[in-house]
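> any chance you could fold what I've pasted below:
(2 chains)
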Amino acid sequence: MAEAAGEVRLIGAWPSPYVLRPRVALNLKGVEYEFLEVTFGEKSELLLRSNPVYKKIPVLLHHDKPVCESMIIVEYVDGAWANSGHAILPADPYERALHRFWAVYIDDKWFPSMVGIGKAETEEAKAESAEQARAGLKLLEEAFEKLSKGKAFFGGDTIGYVDIALGAHLGWAKVIEQMTGLKLFDEEKTPLLAVWAERFCNHEAAKEVMPETEKLMEYAKIRLGK
Amino acid sequence: MAAVSATTGEVKLLGLWRSPYVTRVGIALNLKKVGYEFVQEEVQGQKSEILLKSNPVYKKIPVLIHQGKPVCESAIIVEYIDEIWTSEPPILPSHPFDRAVARFWVTYIDDKLLALVRTLVFGATEGTSKAEVADGGAEAFQLLEEAFAKCSHGKEYFGGDTIGYLDIALGCWLGWIKAVEDVSNIKFLDEKKVPLLVGWAERFLQNEAVKGTMLEADEYVQRVKNLSASAR
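Numbers count the residues shown, from 1 in each chain, chains lettered A, B, ... in the order given. Model (predicted):
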């Protein structure tokens, strides 16, 4: 907490899992920041100036210099505040490569299957997407076993890179579970992840910024109603 | 390449040089003067035991196997190489902000270039014209030209005096880009529009570390022609 809060600003919106990621990272490092909330979909002047290429949130502004793309921001926070809190990425290069691999998997493969559940128009399509999502979670369960080495998080004793990548999606995962009646983080099929999910949501770095399921459900209904 | 910091057999690269992603890894290993065994993988048809075992999730090349442990995804492998073999030159920039900028542009390149090359090779999907695709490509190269101006600080590469992470991520595409330019008659590396990139591309392709990691120019052209013909 060696800088004035105004030096670190985060442009984002509360429903976005991608915005959640840098917030958890900044909390883990004990960094004070100004949250510049935008209405989802609205492109403010500042956003367009700071992320002209993609025009998307989140954007971290550190001494007015923009950093874009959620996991790139997380890694930036880990490097810029290397002497605060715990390391987010592990020290060992091979483990770092594994953390990065699974974060990419979560975004490139697993998340699309979750989106597929939401977009599915038939019960059949929904069930198929849910199967894909669960198959992905099985892989992540194995990854958890390997990376956690019996400890609480993918990062070991503390929240790490993959915890942030996957944990950010828990809010919407719960909404999908409630809206479809389908269980994704299943205690029988992926017991380690089921316990990890609760643990992540209750962690002090995530608790305050994780959107409440009811609020997200409301929001989803409004968005879907459009 | 003579092995300096790895005993032979310790480092294996599974791949095919026609893949720009495999090229990336080859360049990174060369920059660090790491000796390695190249294992050619035929990815059409039956995939090898070792590939399926080392990359069960994606079953794709490249895979780097170091001391028996597999590392997958080209950009991740390049970072791994930089972190294990810490000799000069560094591949990633040292400052966290510069690293974030480099990683951002690598993400952008991975988003845009594969789609661009694919569309020009296999034909545009319904609803888009070749002209639109060409414009999209020109825009991407314009942004990369500006990125080069910012990142290079007047030096020869995105990484400064030596080839860095972003040079590798973009440079690996030059064979395919030049080939589609040739076959589609569209110029992306246009001296009038992106002079800095044109100069950079020449230097990149001549760089010692790039030798042996790419096919000959006419091999890419032939591939583009074959793929385009098979798509009809």
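> scan chain B for its longest helix.
Ranked by residue count, the top helix of chain B under DSSP state H comes out as helix B:96-122.
> let me see the mean pLDDT of that one.
When pLDDT is averaged along helix B:96-122, the result is 95.
> buried ones in it?
B:96-110, B:112-113, B:116-121 (16 or more other Cβ atoms under 10 Å in any protein chain shown). All C-beta atoms are positioned from the backbone trio N, CA, C, and that covers glycine.
> so how far is chain B from the most centrally placed residue in chain A?
Nearest residue to the geometric centre of chain A (Cα atoms, centre = their mean): residue A:168, 2.3 Å. According to Cβ to the nearest Cβ, to the nearest Å, residue A:168 stands 17 Å off from chain B.
> got the contact list for that residue?
A:17, A:18, A:20, A:21, A:24, A:70 (Cβ atoms under 8 Å, 6 or more residues apart in numbering or on different chains).
> neighbours of the fourth one, how many?
In terms of burial, residue A:21 registers 26 neighbours under the definition other Cβ atoms under 10 Å in any protein chain shown.
> which other residues reach the helix or strand where residue B:221 lies?
Using DSSP states H and E, residue B:221 falls within helix B:217-231. If you take Cβ under 8 Å, 6+ apart as the criterion, helix B:217-231 is touched by B:18, B:121, B:122, B:123, B:175, B:176, B:178, B:179, B:180, B:182, B:183, B:215.
> how about stretch A:83-102?
With Cβ under 8 Å, 6+ apart, stretch A:83-102 has contacts from A:1, A:25, A:28-31, A:74-75, A:77-78, A:140, A:143, A:146-147, A:154-156, A:158-162, A:164-166, B:66, B:69, B:71-73, B:76-77, B:79-80, B:83-84.
> where does chain A have low pLDDT?
Along chain A, segments meeting pLDDT under 70 span A:1-6, A:225-226.
> do that again at 80, thanks
A:1-6, A:40-41, A:224-226 (pLDDT under 80).
> quick one, helices of it?
Applying DSSP H to chain A gives helices spanning A:17-28, A:45-50, A:70-80, A:93-105, A:111-119, A:123-148, A:161-167, A:170-180, A:191-202, A:204-207, A:213-225.
> quick one: contacts for the residue in chain B positioned nearest to chain A?
Minimum separation of chain B from chain A (Cβ to the nearest Cβ) falls at residue B:96, amounting to 3.3 Å. With contact set as Cβ under 8 Å, 6+ apart, residue B:96 has these partners: A:75, A:76, A:79, A:80.
> ok, and of those residues, which contact chain B?
Applying Cβ under 8 Å from any Cβ of the partner chain, the subset of the contacts of residue B:96 adjacent to chain B comprises A:75, A:76, A:79, A:80.
> quick one, what contacts the third one?
By Cβ under 8 Å, 6+ apart, the residues touching residue A:79 are B:96, B:99.
> what does the first one give?
Shown here is residue A:75, whose contacts under the criterion Cβ under 8 Å, 6+ apart are A:88, A:89, A:161, B:96, B:99, B:100, B:103.
> now those residues as a markdown table including distance to residue B:135?
Listed next are those as a markdown table, based on distance: Cβ to Cβ, whole Å:
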| residue | distance to residue B:135 |
| --- | --- |
| A:88 | 39 |
| A:89 | 39 |
| A:161 | 37 |
| B:96 | 35 |
| B:99 | 31 |
| B:100 | 29 |
| B:103 | 26 |
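> how about the residues of chain A that lie near chain B?
So chain A meets chain B at A:53, A:62, A:65, A:67-69, A:72-73, A:75-76, A:79-80, A:93-94, A:96-97, A:100-101, A:104-105, A:109, A:139 (Cβ under 8 Å from any Cβ).
> and the buried ones among the residues you listed, selectable in ChimeraX?
A single ChimeraX command is used to select the members of those judged buried by 16+ other Cβ under 10 Å:
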select /A:62,67,68,69,72,73,75,76,79,80,93,94,96,97,100,101,104,105,109,139
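> chain B: strands as residue ranges?
B:11-15, B:37-40, B:63-66, B:69-72 (DSSP state E).
> now render these as TSV, adding distance to chain A and mean neighbour count.
Below are the strands of chain B laid out as TSV (distance: least, Cβ to the nearest Cβ, whole Å; neighbours: other Cβ atoms under 10 Å in any protein chain shown):
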stretch	distance to chain A	mean neighbour count
strand B:11-15	13	23
strand B:37-40	19	14
strand B:63-66	8	24
strand B:69-72	5	21
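> let me have the ones you listed in JSON lines, adding mean pLDDT as columns.
JSON lines is the format used below for the strands of chain B (pLDDT from 0 to 100):
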{"stretch": "strand B:11-15", "mean pLDDT": "97"}
{"stretch": "strand B:37-40", "mean pLDDT": "95"}
{"stretch": "strand B:63-66", "mean pLDDT": "98"}
{"stretch": "strand B:69-72", "mean pLDDT": "98"}
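> residue B:187 is nearest to which of these?
strand B:11-15 (29.4 Å; Cβ to Cβ).
> what sits up against the closest one?
Taking Cβ under 8 Å, 6+ apart as the rule, strand B:11-15 contacts B:21-22, B:25-26, B:29, B:34-41, B:48, B:50-51, B:54, B:61-66.
> please name the residues that touch the spatially most central residue of chain B.
The residue lying closest to the centre of chain B (Cα atoms, centre = their mean) is residue B:172, at 2.8 Å. Residues in contact with residue B:172 (Cβ under 8 Å, 6+ apart) are B:20, B:21, B:23, B:24, B:27, B:213, B:214.
> just give me the closest of these to residue B:137.
Checking the contacts of residue B:172 one by one against residue B:137 (Cβ to Cβ), the nearest turns out to be residue B:20, at 15.5 Å.
> my read: the closest one touches residue B:173, true?
Yes: Residue B:20 is within contact range of residue B:173, at 5.0 Å (criterion: Cβ atoms under 8 Å).
> that older thread, who wins for proximity to residue B:143 among the helices of chain A?
helix A:45-50 (14.8 Å).
> may I have the closest one as PDB, with CA atoms only?
Below are the C-alpha coordinates for helix A:45-50, written out as PDB (Å, rounded to 0.1, in the frame of the first residue of the first chain):
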ATOM      1  CA  GLU A  45     -14.000   8.200 -23.200                       C
ATOM      2  CA  LEU A  46     -11.400   6.900 -20.800                       C
ATOM      3  CA  LEU A  47     -12.100   3.300 -21.800                       C
ATOM      4  CA  LEU A  48     -11.800   4.000 -25.500                       C
ATOM      5  CA  ARG A  49      -8.600   5.900 -24.900                       C
ATOM      6  CA  SER A  50      -7.100   3.300 -22.700                       C
END
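> can you list the residues that contact it?
Under Cβ under 8 Å, 6+ apart, the answer for helix A:45-50 is A:11, A:36, A:38, A:55, A:57, A:59, A:61, A:66, A:68.
> can you report how many residues lie near the second one?
Yep, that's residue A:36 we're talking about. Neighbours of residue A:36 (other Cβ under 10 Å): 18.
> can you pull the contacts of the nearest residue to it once chain neighbours are set aside?
Nearest in space to residue A:36, with sequence neighbours left out and distances taken as Cβ to Cβ, 6 or more residues apart in numbering or on different chains, is residue A:11 at 4.7 Å. Applying Cβ under 8 Å, 6+ apart to residue A:11 gives the contacts A:36, A:38, A:44, A:46, A:47, A:50, A:57, A:58, A:59, A:60, A:61.
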